[in-house]
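Colleague: need coordinates for the following:
(2 chains)
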Amino acid sequence: MNGMTVIVKTVTRWLKVFIFLYGIYIIITGHLAPGGGFAGGVIIACSYMLLTLAYGKEFTLKRLSLRAGHHLDSSGALLFLVVALFGLGSGGIFFANVLQNRYPGAKFTLLSSGTILISNIAIGLKVAASLFLIFIILSVLRIVLVEDGSQKMIQEEEEE
Amino acid sequence: MNTLLIPLLVAIPLGGAFFIPLVSRKVRVLADIIGNLATLSVLVIAVLLFQVRTVYSIGGWNASVGITWVLDGFSNLMLVIICLISFVATLFSSQYMERYTAKYKFYSLFLLMVAGMNGVVMTGDMFNLFVFLEIASVASYALVAFGGNHEELEAAFKYLVLASIGSTLVLFGIAFIYGATGYLNMASISQAIRTGPRTPILTLAVVFFTVGFGIKAALVPFHPWLPDAHPSAPAPISAMLSGVLIKALGIYALTRVLFNVIGITPIYGAVLITIGALSMVVGVFLAVGQWDFKRLLAYHSISQMGYVVLGIGLGGYILASGGKQSAAMLAILGGIFHLANHSVFKSLLFLVSGSIEYSTGTRQLKEMGGLLEKMPLTRATCTIASLSIAGVPPFNGFWSKLIIIMAAFQGGYPWLAALTILVSFVTLLSFIKVLRYAFLGHLPESLKAVRESPALMSIALVVLAIFCTCMGLLLIPGAREMILDPAVGALANGVGYAQAVLALR
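Modeller: Just a heads-up that it's a prediction; the model follows:
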């Protein structure tokens, strides 16, 4: 598992930053242009998948461990829920866009949409972490034979 | 005040589900505490909201563009059932799940499933229904595979494939309805169907819904995943899957769509009666020959779901064909009451099977025997649950079956009543077999050291056993008007649902 050829590695080294940045761009302009949390999250996850394909899973897991992935995943979902509950707490309505009502920004600017920007960031975090985890889990899970001849699925021990 | 509580029914389990993995990797006991507190608080909220009838618009958006949640009699009853069973199941899990690694993942998925089911029964929007349906289903696929052994993975894969087909069909059905009416809100769809022309595409949508939700409810032609999936899951999950998941995702969604959104016709009613009768008979005869305790229970779930669908379908048929109103109401009451009863006694039976498996390490009836003195409490609760499911008075199953039989007679279908009695009799036989082989007879040498299950597990069993014994009381005047009749009214109201919801808005 030492990854692919030097050509692929070099191209990946240059590309990964741009893919990652493009994902962030899609997320933070999601309320102004086509895109949003899901699409941007997928693009961010793709940059990590590209890294895994080119360099092997040990290389990627050293930079973003499974545990960090799990934490980002849960934090993204919790952040989204906090946005919803914030609406409930201060506006009395679940998912109410209280920021927009209180601080209406100029139209078509980055801060024009209140909580939607935060929601998009939360969704992006969640989707990126989830997709990365799905991809990496497929490579760390192993089917092994246990004593009585049946098969069991185990997860490779991750290095702490 | 009340409107502040409604979103918490989904928000608390969802928050718990994502909070547990963050904190309880290091401090393991936190998973138990958060899991139990979350289900307990949801149960309290569901009980507090029981009398509330309202429409809640998420984000303050108007119903034509936004998502609405509707609380009516049927939704409230389902919410209380779901939250009660999930609380008892988490209570049982805290000790039972010790043997599995990664208990916090179990709680996380469990709460996700509860959030999905609460959403399904609350929502008044077709697409939102699909989203919550998927949340609950995906969590349940993972929970079935939780043990990670060959058999469990196989069962989970089978379940995943079949239930995904079901979800896809439901999605297609929703797309057809949206194409035909231009709405996703249930009340608006219902109004549009009533005022507009009745296009053939609606019939196609109904077919898709029947098959899609039928797969989720494991009704007979669509049942093959259930006898594999339910026994493979850990016992508290089997209790949740058989006790509430197939009802919330299958029966509730199917009846809500057929009765309140599309509007019941004699043909749809007849289809429901046929599927119900078929499930009832096929399920019970497949169950009799089983020697695996949990597999036997799983087949009985199919059979008992048949009762529910038969009761509700009979009511719908009589209503739609202009028969006796009182018989129709009685049939729907029987169906809904049996749904509530079944969730209690079937969860109890699955928890009992878990308790036996916890102590003896087997779920094969032939390897058990003589547990009478070793596990007196488990034996007592198992007897109560078995008598309930077989319909022996005074336990709850008797009353709901009696109502279905009475309704079948009053509606003029004595052969359906006879079929119900026959199936009930076979059920009794099959549970006598369970009691005989598990608790009476000779104690095998290997089980000499068996002890009663730990305290929290026993408390969970006793709580459900008390419900089994006392739920017949729901039929006395006063309790019935408060708890069961609003649920019956919500279904029997049919497409009047649209007016009821629009009036609440």
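
Colleague: would you mind listing what in chain A touches chain B?
Modeller: A:67, A:70-71, A:73-75, A:77-78, A:81, A:84-85, A:87-88, A:91-97, A:150-154 (Cβ under 8 Å from any Cβ of the partner chain). Yep, even glycine has a C-beta here, placed from its N, CA and C like the rest.

Colleague: just the buried residues from those, in ChimeraX please.
Modeller: Applying 16 or more other Cβ atoms under 10 Å in any protein chain shown to these, the buried members can be selected in ChimeraX as follows:
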select /A:70,73,74,75,77,78,81,84,85,87,88,91,93,94,95,96,97
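
Colleague: quick one: contacts for the residue nearest to the spatial centre of chain A?
Modeller: In chain A, the C-alpha nearest the mean C-alpha coordinate belongs to residue A:128, at 1.6 Å (Cα atoms, centre = their mean). Going by Cβ atoms under 8 Å, 6 or more residues apart in numbering or on different chains, residue A:128 touches A:23, A:40-42, A:44-45, A:48, A:72, A:76.

Colleague: cool, residue B:486 as well?
Modeller: B:72-74, B:76-77.

Colleague: can you pull the pLDDT of the residue nearest to the centre of chain A?
Modeller: Looking at residue A:128, its pLDDT reads 95.

Colleague: tell me which element it falls in.
Modeller: Under the criterion DSSP states H and E, the helix or strand holding residue A:128 is helix A:115-140.

Colleague: give the next helix or strand downstream of that helix.
Modeller: Downstream of helix A:115-140 (by DSSP H and E), the next one is strand A:141-145.

Colleague: name the helices or strands packed onto that following strand?
Modeller: Applying 3 or more Cβ pairs under 8 Å, 6 or more residues apart in numbering or on different chains; DSSP states H and E, one finds that strand A:141-145 contacts strand A:151-155.

Colleague: again, only using 10 Å
Modeller: Using 3 or more Cβ pairs under 10 Å, 6 or more residues apart in numbering or on different chains; DSSP states H and E, the elements in contact with strand A:141-145 are strand A:151-155, helix B:150-181.

Colleague: just how off-centre is stretch B:23-35 within its chain?
Modeller: Relative to its chain's centre, stretch B:23-35 lies at 28 Å (Cα atoms, centre = their mean, to the nearest Å).

Colleague: using PDB, list the CA coordinates for it.
Modeller: Provided in PDB are the C-alpha atoms of stretch B:23-35 (Å, rounded to 0.1, in the frame of the first residue of the first chain):
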ATOM      1  CA  VAL B  23     -18.200  12.100  24.900                       C
ATOM      2  CA  SER B  24     -18.600   8.400  25.700                       C
ATOM      3  CA  ARG B  25     -15.600   6.900  24.100                       C
ATOM      4  CA  LYS B  26     -13.500   7.500  27.200                       C
ATOM      5  CA  VAL B  27     -16.200   7.500  29.900                       C
ATOM      6  CA  ARG B  28     -18.300   4.500  28.900                       C
ATOM      7  CA  VAL B  29     -21.100   4.900  31.500                       C
ATOM      8  CA  LEU B  30     -22.100   8.300  29.900                       C
ATOM      9  CA  ALA B  31     -23.600   6.400  26.900                       C
ATOM     10  CA  ASP B  32     -26.000   4.600  29.200                       C
ATOM     11  CA  ILE B  33     -26.900   7.800  31.100                       C
ATOM     12  CA  ILE B  34     -27.500   9.900  28.000                       C
ATOM     13  CA  GLY B  35     -29.300   7.200  26.200                       C
END
